[in-house]
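Trainee: Sequence and predicted structure below; questions after.
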Amino acid sequence: MLSFQGSKVFLVMNPGSAGAVSKVRILLDDKPIAQEVSGKDVINGVVRVDSDRLYELVDFQGQNTKATLKIISEEGETEVYAFTFA
């Protein structure tokens, strides 16, 4: 669980091994993230992690917002490296 304040949340993730795919579910304030505030890499509350890169998880459309983020592994192994905020 991560408490934050900002307008966007990004996370560097990796599926764990070359050619693998993993999935993580995103919760915001203990609820499934709403599509209106989902980052571009979140589809129906889930991020498909298919390569080692920066994923956009949350986008409050420029509004500086306090919230709590939870990331739940749903499928495969996911390596998590660094959060960044805007």
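Mentor: On my side now, so go ahead. Computed from a predicted structure; not experimentally measured.
Trainee: so the residue nearest in space to the middle of the chain, which of the three states?
Mentor: Nearest residue to the geometric centre of the chain (C-alpha atoms, centre = their mean): L57, 3.5 Å. Classification of L57 by DSSP: H, G, I helix; E, B strand; the rest coil places it in strand.
Trainee: show me the contacts for it.
Mentor: Applying C-beta atoms under 8 Å, 6 or more residues apart in numbering to L57 gives the contacts 9-11, 26, 33, 38-39, 41-42, 47, 69, 71. In short, each C-beta sits where N, CA and C put it, glycine included.
Trainee: how close does it get to D30?
Mentor: From L57 across to D30, the span is 15 Å (C-beta to C-beta, to the nearest Å).
Trainee: same question, L2
Mentor: From L2 over to D30 (counting by C-beta to C-beta), the distance is 12 Å.
Trainee: quick one, which of those two is more surrounded?
Mentor: Ranked by neighbour count (other C-beta atoms under 10 Å), L2 and D30 place L2 first, with 11 against 8.
Trainee: which residues touch the more buried one?
Mentor: Here L2 is in contact with 68-70, 83 (C-beta under 8 Å, 6+ apart).
Trainee: Low-confidence bits of the chain, can you list those?
Mentor: Counting by pLDDT under 70, the chain contains no low-confidence range.
Trainee: From the rest of the structure, what touches the strand ranked longest in the chain?
Mentor: Of all the elements of type strand in the chain, the one with the most residues (DSSP state E) is strand 65-75. For strand 65-75, contacts defined as C-beta under 8 Å, 6+ apart pick out 1-7, 9, 11, 21-30, 46, 57-58, 80.
Trainee: That's all I had, so thanks and see you.
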